[in-house]
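In: With the sequence up front, the predicted model follows.
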Amino acid sequence: MSLPTLPRDLIKEIFSYLPVKPLVRFTSISKHYKSLIFDSEFIKLHLQRSPKHAHVLLTLHDVVDMEDFWVLTPCSVRYSLEHPPSIVKEDECRGFKDNTYYTIGSTNGLVCLISDKEENNGVKTICVRFWNPTLRLRSKKSPSLTITTSSDLHFGFGYDDSSHTYKVVAVFWDVTTQKWEGRVHCMGDSFWRETLASPEFPVLLESTVGLFVNGSVNWFARNEQLVIFSLDLQKETGKYLSLPAGFNEDINDISALAVLRGCLCFCYDHMQTHFVLWEMRKFGVEDSWTRLVNVSYAHLQFDNIQNDWLLVPVCLSENDVLLLVSKEVPDDGIMYNLRDDRVEHIELPDTNIWYADEHMQSLVVPLPHPHPH
């Protein structure tokens with residue numbers, strides 16, 4: 001007696017709720033399973049049903065060997081909090097070591113890596129690669145973008161869900177035209193094109209990488225006062241988002257944007273006495289700014305603060321535990337519980353955590369021409 005065969009639609013429904021790792025194993029069972037799992041419509045369905053903020057992508061710098069390379073390590077948020085001393089040793093972690101590339105973000109399980117090599121004549125050549133650490137696939141180099149630019153160069157990476165397109169944005173001050181310029185590359189295309197209809201790009205501040213939230217890439221900018229410049233990747237138009245009402249501190253050099261649990265946040269050092277963190281609970285609604293953290297360094301038992309130092313939020317768990325690190329004190333992490341004000345110091349590996357991105361595991365294949373890594 002033969003076993004009954006389940007209808008394809010039922011198999012698809014069941015598979016759409018499974019994690020990526022078993023699905024990848026299933027692709028070796030039969031061509032039927034492989035064609036179903038890597039079907040574009042199934043990948044979109046699986047994305048919709050996968051946990052969005054369960055992992056964190058760490059950009060690390062080796063401070064022992066002092067080698068100038070990056071290690072990109074997606075770990076579960078829960079694991080990062082429960083096993084911080086082994087934060088880069090988890091079996092599911094994946095590394096990408098290449099001293100010519102650095103990460104500019106993670107979207108739908110895809111990591112975007114940028115190389116911006118400067119030539120002797122003052123010209124920079126920009127190349128992009130896409131990497132899915134769960135599938136262990138990375139793309140070949142994208143077409144290069146050559147620009148004549150000063151040091152003011154900013155990047156963003158995100159997803160346009162209206163066209164199902166992954167986009168990389170490069171914003172730079174062109175010394176030839178004497179104005180801010182924008183270029184965009186869509187994954188799979190063979191070119192870069194001009195972008196941004198209106199308004200013109202403002203003066204973007206120091207942070208190189210813009211953060212992707214709710215269909216837009218966001219940077220700190222100066223428009224008479226400190227604001228957030230938000231570039232909509234679908235319309236490729238920009239708008240300004242104000243900081244919380246009444247906020248009037250000059251935080252240019254000791255501030256940072258972050259994405260925690262899917263919300264745009266910004267943090268800053270207040271008078272070298274307190275760490276402050278705000279969250280925009282509903283993106284684009286300026287009245288939704290909420291102050292999550294206002295805690296003294298004394299309470300955090302962090303006495304290494306300097307003029308230009310800032311604690312960086314790595315991740316925020318569903319039960320409101322915040323992991324903080326300092327780029328200047330790489331082996332000391334701080335776990336701060338927002339609910340009960342409890343502080344715990346943890347030992348981290350001798351690897352500098354430069355910044356962190358929320359990350360999810362997915363079946364999205366990096367294009368063009370992916371190959372195993």
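Out: On my side now, so go ahead.
In: Could you tell me how far the longest strand anywhere in the chain lies from the centre of the chain?
Out: In the chain, with assignment by DSSP state E, the single longest strand is strand 145-160. Its chain's average C-alpha position is 16 Å from that of strand 145-160, according to Cα atoms, centre = their mean, to the nearest Å.
In: In that strand, which residues are buried?
Out: Applying a neighbour-count criterion of 16 or more other Cβ atoms under 10 Å, one finds 145, 147, 149, 152-160 buried in strand 145-160. (Glycine included, C-beta is placed from N, CA and C.)
In: got the CA coordinates for that strand in CSV?
Out: Listed next in CSV are the C-alpha coordinates belonging to strand 145-160 (Å, rounded to 0.1, in the frame of the first residue of the first chain):
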residue,chain,number,x,y,z
LEU,A,145,30.0,53.1,-10.0
THR,A,146,32.8,55.6,-10.5
ILE,A,147,32.5,59.0,-8.9
THR,A,148,34.6,62.1,-8.3
THR,A,149,33.9,62.8,-4.7
SER,A,150,35.1,64.2,-1.4
SER,A,151,35.0,62.1,1.7
ASP,A,152,31.3,62.7,2.1
LEU,A,153,29.9,59.4,0.9
HIS,A,154,26.7,57.8,2.3
PHE,A,155,25.0,54.5,1.6
GLY,A,156,21.6,52.8,2.1
PHE,A,157,20.1,49.4,1.3
GLY,A,158,16.5,48.3,1.4
TYR,A,159,13.5,46.7,-0.3
ASP,A,160,10.9,48.2,-2.5
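In: Within its sheet, name the partner strands of the helix or strand that comes right after it and how each one runs.
Out: As assigned by DSSP states H and E, the chain's next helix or strand after strand 145-160 is strand 165-174. Strand pairing for strand 165-174, determined by DSSP bridges: strand 145-160 (antiparallel), strand 179-186 (antiparallel).
In: quick one: which of the ones you listed is nearest H345?
Out: strand 145-160 (33.1 Å; Cβ to Cβ).
In: Does F42 lie in a helix or a strand, and which?
Out: helix 40-49.
In: Distance of L137 relative to C127?
Out: Distance of L137 to C127, given as Cβ to Cβ, to the nearest Å: 18 Å.
In: Kindly reformat the buried residues of strand 145-160 as CSV containing pLDDT and distance to I43.
Out: Output for the buried residues of strand 145-160, formatted as CSV (pLDDT from 0 to 100; distance: Cβ to Cβ, whole Å):
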residue, pLDDT, distance to I43
L145, 89, 28
I147, 84, 33
T149, 66, 36
D152, 78, 37
L153, 84, 32
H154, 89, 30
F155, 92, 25
G156, 93, 23
F157, 96, 18
G158, 95, 17
Y159, 95, 13
D160, 94, 16
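In: which among those residues gets closest to P22?
Out: The nearest one, if we look at the buried residues of strand 145-160 relative to P22 and count by Cβ to Cβ, is Y159, at 24.7 Å.
In: Quick one: residues contacting that closest one.
Out: 107-108, 165-167, 212, 215, 233 (Cβ atoms under 8 Å, 6 or more residues apart in numbering).
In: quick one: which of those residues is nearest to Y336?
Out: F212 (25.3 Å).
In: name the helices or strands packed onto the host helix or strand of that closest one?
Out: F212 belongs to strand 211-213 when elements are defined using DSSP H and E. When contacts are defined as 3 or more Cβ pairs under 8 Å, 6 or more residues apart in numbering; DSSP states H and E, strand 211-213 packs onto strand 102-107, strand 145-160, strand 216-223, strand 255-260, strand 263-270.
In: could you redo the last one with a cut-off of 10 Å?
Out: For strand 211-213, the helices and strands in contact under the criterion 3 or more Cβ pairs under 10 Å, 6 or more residues apart in numbering; DSSP states H and E are strand 102-107, strand 145-160, strand 216-223, strand 225-232, strand 255-260, strand 263-270, strand 351-359.
In: can I get these in TSV with distance to D9?
Out: Below are these laid out as TSV (distance: least, Cβ to Cβ, whole Å):
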stretch	distance to D9
strand 102-107	28
strand 145-160	26
strand 216-223	35
strand 225-232	35
strand 255-260	35
strand 263-270	35
strand 351-359	30
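In: Nearest to K12 among those strands would be which one?
Out: Within the helices and strands packed on strand 211-213, the stretch nearest K12 is strand 145-160; the backing value is 22.5 Å (Cβ to Cβ).
In: Just want the angle from that closest one to helix 40-49.
Out: Put simply, strand 145-160 runs at 70 degrees to helix 40-49, going by axes from the mean of the first three to the mean of the last three Cα atoms, to 10 degrees.
In: Let me know the angle separating strand 145-160 from strand 216-223.
Out: Using the same axes, to 10 degrees: strand 145-160 against strand 216-223 is 120 degrees.
In: Could you give the number of residues near T100?
Out: T100 has 14 neighbours, counted by other Cβ atoms under 10 Å.
In: and if you look at Q48?
Out: 8.
In: Hmm, it is touching M360, no?
Out: No: at 11.3 Å, Q48 and M360 do not qualify as touching, with contact defined as Cβ atoms under 10 Å.
In: Quick one: low-confidence residue ranges for the stretch 151-300 of the chain.
Out: Along the stretch 151-300 of the chain, the parts satisfying pLDDT under 70 run over 151, 196-201, 206-207, 246-254.
In: before we move on, back to that, wait, which of the helices and strands packed on strand 211-213 is closest to K117?
Out: For the helices and strands packed on strand 211-213, the distance to K117 is smallest for strand 145-160, at 10.2 Å, taking Cβ to Cβ.
In: The closest one to strand 102-107, inter-axis angle?
Out: Using the same axes, to 10 degrees: strand 145-160 against strand 102-107 is 20 degrees.
In: Give the rounded mean pLDDT of stretch 51-71.
Out: The average pLDDT within stretch 51-71 is 63.
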